[in-house]
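> whatever this is, show me its structure:
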Amino acid sequence: MLDDSRPIVLATRGSALALAQANAVLNQCRTVFPRLRFELKIIKTTGDKLQTASLAQPGRSLPKGLFTKELEVALLKGRADMAVHSLKDLPTELPAGLKLGAVTRRADVRDVLVYRDGAHFAALAHRCAEEWVPGQAALRGWRPHVRLMDLPDGVIVGTSSTRRQAQLQAVHPGLKFTELRGNVPTRLEKLATRDSLDATVLALAGLQRLNFQITPEGRLAGDAVPEGLLAVILPLEVMLPCVGQGAVGLEIRAEDERMEALCARLNHYNTFQAVTAERALLRAMGGGCQSPVAAYAEAEGDRLRLRAISFLHGIRRAEAVGLLREPVALGEAVAAQLKGAG
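Sure, this is the predicted structure:
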């Protein structure tokens with residue numbers, strides 16, 4: 001039975017996206033358990049403190065749990081009852097005493113190419129200088145609904161994801177890449193004002209959770225979106241997501257029966273099974289959140305289909321179907337294919 005004598009504390013990062021996700025979980029909790037009290041606890045993580053650090057430093061390993069460690073410490077010390085994570089940030093190996101209690105229904109897993117509208121920026125030269133940043137009129141851009149292969153060689157894509165870089169380059173070898181960190185509005189502002197990059201790639205789920213929209217005309221719209229940015233969704237055939245993308249994970253203490261009972265009501269079973277297969281694959285590959293490995297599992301009745309691509313040793317693709325109730329076996333089988341053992 002759930003004890004309603006004290007509030008249940010949900011730990012979260014303080015970024016706009018993290019808060020949007022945490023508030024969605026908070027609202028779900030209050031709907032499902034109207035007699036219980038819930039509150040958010042905002043915690044700054046190592047990743048938040050290292051906004052100027054590269055997430056793709058060749059030859060250097062980054063700390064595990066870059067965006068999760070401090071939340072996990074709060075759980076272990078009893079300062080929080082549940083940690084709300086973007087599941088893609090949660091390492092496959094969790095600290096002793098913690099476990100993944102639930103996963104909410106997954107959002108759209110696809111990525112989005114965001115770039116400048118060529119006509120908009122060219123027109124800035126004829127507008128009042130107070131309305132734009134000096135130099136913006138010289139920034140290059142392209143038409144709405146552009147295809148990746150329509151972009152000329154030398155286009156600079158800002159991303160710190162090795163997974164995204166590898167897949168983009170596999171489709172368009174002429175692209176170049178530069179590091180881009182920061183929250184979503186910061187990245188968009190850099191794209192709209194700097195000639196050091198021409199485009200970036202962002203998760204569609206994150207954009208939607210921040211109430212950004214892609215209009216039928218191909219424009220990226222939203223309160224924090226600079227003028228003149230276009231967006232096009234990349235198909236899964238071009239860009240498979242990272243493990244867990246689009247899903248929100250709820251981490252709890254392993255022996256906390258109160259939170260286990262709560263998570264049982266919050267969990268979306270098909271999503272949980274799908275991401276469990278993906279995480280089993282990544283763990284079997286020996287990779288972490290920044291590895292150039294992409295995977296996507298989806299439920300099809302009582303079956304689970306998992307497709308994946310790895311750039312660890314050349315380009316290797318694999319796909320298999322297994323039982324929905326046996327996601328770990330499926331993930332390990334596809335990992336064996338990728339490693340050439342299956």
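> buried ones in stretch 335-342?
Neighbour-count burial for stretch 335-342 flags 335-339 (criterion: 16 or more other CB atoms under 10 Å). C-beta coordinates here come from the backbone N, C-alpha and C atoms, glycine included.
> wait, stretch 304-318
So stretch 304-318, judged by 16+ other CB under 10 Å, has buried residues 304-312, 318.
> span of that stretch from start to end?
Terminal residues of stretch 304-318 lie 14 Å apart, using CA to CA, to the nearest Å.
> list the contacts of that stretch.
162-163, 166-167, 170, 240, 273-274, 277-278, 281, 285, 287, 291-298, 319-324, 327, 330-331, 334-335, 337-338, 340, 342 (CB atoms under 8 Å, 6 or more residues apart in numbering).
> so where's the stretch 101-250 of the chain uncertain?
125-138 (pLDDT under 70).
> what ranges do the helices span in it?
118-123, 162-171, 184-193, 204-209 (DSSP state H, counting those that start in this stretch).
> quick check: which of the ones you listed is buried the most?
For the helices of the stretch 101-250 of the chain, the largest average neighbour count (mean count of other CB atoms under 10 Å) is found in helix 204-209, namely a mean of 22.
> elements contacting that one?
helix 16-32, strand 111-116 (3 or more CB pairs under 8 Å, 6 or more residues apart in numbering; DSSP states H and E).
> re earlier: secondary structure for the buried residues of stretch 304-318 - can I get that in CSV?
Listed next are the buried residues of stretch 304-318 as CSV, based on DSSP: H, G, I helix; E, B strand; the rest coil:
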residue, secondary structure
Leu304, strand
Arg305, strand
Leu306, strand
Arg307, strand
Ala308, strand
Ile309, strand
Ser310, strand
Phe311, coil
Leu312, strand
Ala318, strand
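> sorry, back to before: which of the helices and strands packed on helix 204-209 is buried the deepest?
strand 111-116 (a mean of 24).
> can I get the helices and strands packed on helix 204-209 in a markdown table with distance to Thr193?
Output for these, formatted as a markdown table (distance: least, CB to CB, whole Å):
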| stretch | distance to Thr193 |
| --- | --- |
| helix 16-32 | 20 |
| strand 111-116 | 10 |
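> contacts made by stretch 330-341 with the rest, please.
276-285, 293, 295, 297, 304, 306-308, 310, 316-323, 342.
> just those residues: which are in strands?
293, 295, 297, 304, 306-308, 310, 316-323 (DSSP state E).
> for these, which one is nearest Ile8?
Ala297 (30.0 Å; CB to CB).
> my read: the closest one touches Ala280, true?
No: Ala297 is beyond contact range of Ala280, at 9.6 Å (criterion: CB atoms under 8 Å).
> which neighbours do these two have in common?
327, 330-331.
> where neighbours are concerned, which of these has the most?
Gly331 (31 neighbours; other CB atoms under 10 Å).
> spatially nearest residue to that one, not counting backbone neighbours?
In this structure, Gly331 finds its nearest non-sequential neighbour in Ala280, 2.9 Å apart by CB to CB, 6 or more residues apart in numbering.
> and the pLDDT for that neighbour?
Here the pLDDT value assigned to Ala280 is 97.
> same check, this time on Ala53
Reading off the model, Ala53 has pLDDT 45.
> tell me, how many neighbours does the closest residue to Val114 other than its chain neighbours end up with?
The spatial neighbour of Val114 that comes closest, neighbours along the chain excluded (CB to CB, 6+ apart), is Ala231 at 4.8 Å. Here the count is done by other CB under 10 Å, and Ala231 has 24 residues near it.
> I'm done for today, thanks for sticking with me.
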